[in-house]
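>>> Sharing a sequence plus its predicted fold:
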Amino acid sequence: MPSWRDLSGLASGLAGDARRAMDRALGKTGAYRVIGYRGYATTERALVLGRVLEHTRIATAKPSQARWRNLLAMVQRIDADPLPFANVRARLCARETKVVADDEGFINRWIEPGGLLRAGAWHDVHLELAATADTPLATAANLPARVLVPSAGAELGVISDMDDTVLQSQITSFVRAARLMLLENARTRLPFPGVAAFYRALERGARGTTANPIFYVSSSPWNLYDLIADFLDAQRIPTGPMLLRDWDIGRDLLRTRDHKLTQIRQILTTYPTLPFILVGDSGQEDPEIYGALVTEFPGRILAIYIRNVSPHPERSTAIRTLAEQVSAGGSTLLLADDTLAAARHAAAHGWISEHALGEIGTEKRADEGATGSRVPTPGVDKHKAPTVVVDPDVKRRDVE
């Protein structure tokens, strides 16, 4: 008769076999590499972002991909193990800087290049993980971080949320949001109609040749970085620095306000002479966060564009009240269901070309006919809010 020790050893062995089989199914390799993210820079210093993670083989997303494969890819993203306090060498231009990751494997560090970085360009920061006896290195190449130095001729910057602002996410409905995140991929998720053309117009500016920078500040976790980056590329939405957040389990998990305020303040402080347009949605705290920044950075916020995604009329009423406060601070808040409303406002103020309105309208109609993971907007009951513009020059204007 086998002893308890024998049974315990057998159970432990079976558990180990099961775990190894699960790791193989998830494409886990047991080796680590550095994944660089998109950050930003001035000509003199750069914010380098990245993470040291166990290398996982995630298949390239396809429009026809089965949903179980999308679910598997999402589990792979979430289950990837970080390497705490890893030593990383970051090389920008001719200078190498030693960087230590935090307890979740994240790299978030300002470094100096040893020379002036060219404005109006992206620059690669090469990242190399220092090997140790306990840290096997992945054979797959490390992915460099990239930093954007805005053009000296930039007329404005754009800071945009992602979920329910650019990417249809249905954050106001937990079930719908979970379904979209778990079962769809970068090629089947849909943007809001016309948003890609609108952002390209904002990037090009009124003359059509300006390179205005666009920053994406989102409460989405860094685990979704590759999905969001692929989505932006697939939809021809301008590339920009991406500031996501760590979904560490704890009291800070649901505190999205602090994350967004901190990141946006840092951008505004890094480029003190550049005015900004802020774009968000009514589903979370974007209007309140952006309104506070109008007060904190007087004269810096040209306009706030809020996409109405809330099914509750009282939310629109609260935003209208906030809009009056924004107007008193010298800025403009626009609440609308429609991308074209924001585009027309931007064109009227000379921030995008009038000619871009045709392209935005055409793309909006094409997007509205697209198939994929469409969610109803603005809310589950399809309540239609009026376009509300509260402008310090023309005062309040409601357009049904």
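That came through, no problem.
>>> element containing the residue nearest to residue 333 when sequence neighbours are not counted?
Nearest in space to residue 333, with sequence neighbours left out and distances taken as Cβ to Cβ, 6 or more residues apart in numbering, is residue 323 at 3.9 Å. C-beta: built from backbone N, CA, C; applies to glycine. In the assignment (DSSP states H and E), residue 323 maps to helix 313-328.
>>> ok, back up a step: neighbours of the residue nearest to residue 333, how many?
24 (other Cβ atoms under 10 Å).
>>> isn't it right up against residue 329?
No: counting by Cβ atoms under 8 Å, residue 323 stays clear of residue 329, with 10.6 Å between them.
>>> what pairs with the residue nearest to residue 128 when sequence neighbours are not counted across the strands?
What sits nearest to residue 128 in space, not counting adjacent residues and going by Cβ to Cβ, 6+ apart, is residue 89, at 4.5 Å. Legend: beta-bridge partners of residue 89 under DSSP bridges are residue 98, residue 128.
>>> What's the per-residue pLDDT of residue 89 here?
We have a pLDDT of 94 for residue 89.
>>> Please list all residues in contact with it.
Shown in contact with residue 89 (Cβ atoms under 8 Å, 6 or more residues apart in numbering): 96-99, 127-128, 130.
>>> Just the buried residues of those residues.
For those, a burial check counting by 16 or more other Cβ atoms under 10 Å picks out 97, 99, 127-128.
>>> any chance of those residues in JSON lines, plus distance to residue 283 and pLDDT?
What follows is the buried ones among the contacts of residue 89, written out as JSON lines (distance: Cβ to Cβ, whole Å; pLDDT from 0 to 100):
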{"residue": "97", "distance to residue 283": "39", "pLDDT": "96"}
{"residue": "99", "distance to residue 283": "36", "pLDDT": "96"}
{"residue": "127", "distance to residue 283": "35", "pLDDT": "96"}
{"residue": "128", "distance to residue 283": "40", "pLDDT": "93"}
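>>> Tell me where the stretch 1-150 of the chain has strands.
With DSSP state E, counting those that start in this stretch as the definition, the stretch 1-150 of the chain shows strands at residue ranges 28-36, 38-40, 46-56, 87-92, 95-100, 106-111, 121-129, 145-149.
>>> Minimum distance to residue 222: which of those has it?
strand 46-56 (6.3 Å; Cβ to Cβ).
>>> Run the angle between the closest one and strand 121-129 for me.
Strand 46-56 runs at 50 degrees relative to strand 121-129, counting by axes from the mean of the first three to the mean of the last three Cα atoms, to 10 degrees.
>>> From the contact counts, what lies against strand 46-56?
strand 28-36, strand 38-40, helix 67-79, strand 87-92, strand 106-111, strand 121-129, strand 145-149 (3 or more Cβ pairs under 8 Å, 6 or more residues apart in numbering; DSSP states H and E).
>>> Give me the buried positions along the shortest one.
To tie it back to what came earlier, the one meant is strand 38-40. Under the neighbour-count criterion of 16+ other Cβ under 10 Å, strand 38-40 has 38-40 buried.
>>> and what of the longest one?
By neighbour count, and taking 16+ other Cβ under 10 Å as the criterion, the buried residues in helix 67-79 are 70, 72-74, 76-77.
>>> For burial, what's the neighbour tally of the closest residue to residue 299 other than its chain neighbours?
Sequence neighbours aside, residue 330 is the residue nearest to residue 299 in space, at 6.5 Å (criterion: Cβ to Cβ, 6+ apart). Residue 330: 15 surrounding residues under other Cβ under 10 Å.
>>> does residue 292 sit in a helix or strand, and which one?
Per DSSP H and E: helix 286-296 holds residue 292.
>>> starting at the chain centroid, how far to the helix or strand following that helix?
Sequence order places strand 301-307 as the next helix or strand after helix 286-296, per DSSP H and E. Between the centre of strand 301-307 and the centre of its chain there are 17 Å (Cα atoms, centre = their mean, to the nearest Å).
>>> same question, stretch 88-101
25 Å.
>>> Please report how far residue 103 lies from residue 257.
Applying Cβ to Cβ, to the nearest Å, the value for residue 103 to residue 257 is 23 Å.
>>> If you could redo that for residue 101, that was the one I meant.
From residue 101 to residue 257 the distance is 26 Å (Cβ to Cβ).
>>> can I assume residue 287 is in contact with residue 278?
No: the criterion here is Cβ under 8 Å, and residue 287 misses it with residue 278 at 9.6 Å.
>>> Which of the two has more residues huddled nearby?
Of the pair residue 287 and residue 278, residue 278 is the one with more neighbours under other Cβ under 10 Å, namely 27 against 23.
>>> Show me the beta-bridge partners of that one.
Per DSSP bridges, the residues bridged to residue 278 are residue 159, residue 304.
>>> my read: it touches residue 301, true?
Yes: using Cβ under 8 Å, residue 278 is in contact with residue 301, at 6.2 Å.
>>> which residues are common contacts for these two?
With Cβ under 8 Å, 6+ apart as the test, residue 278 and residue 301 both reach 290, 293.
>>> Where does the prediction get shaky in the stretch 51-200 of the chain?
In the predicted model of the stretch 51-200 of the chain, residues 70, 133-136, 138-140, 169-187 satisfy pLDDT under 70.
>>> Apply 50 and report the result again.
Low-confidence segments of the stretch 51-200 of the chain (pLDDT under 50): 173.
>>> same thing with the stretch 201-350 of the chain?
251, 253.
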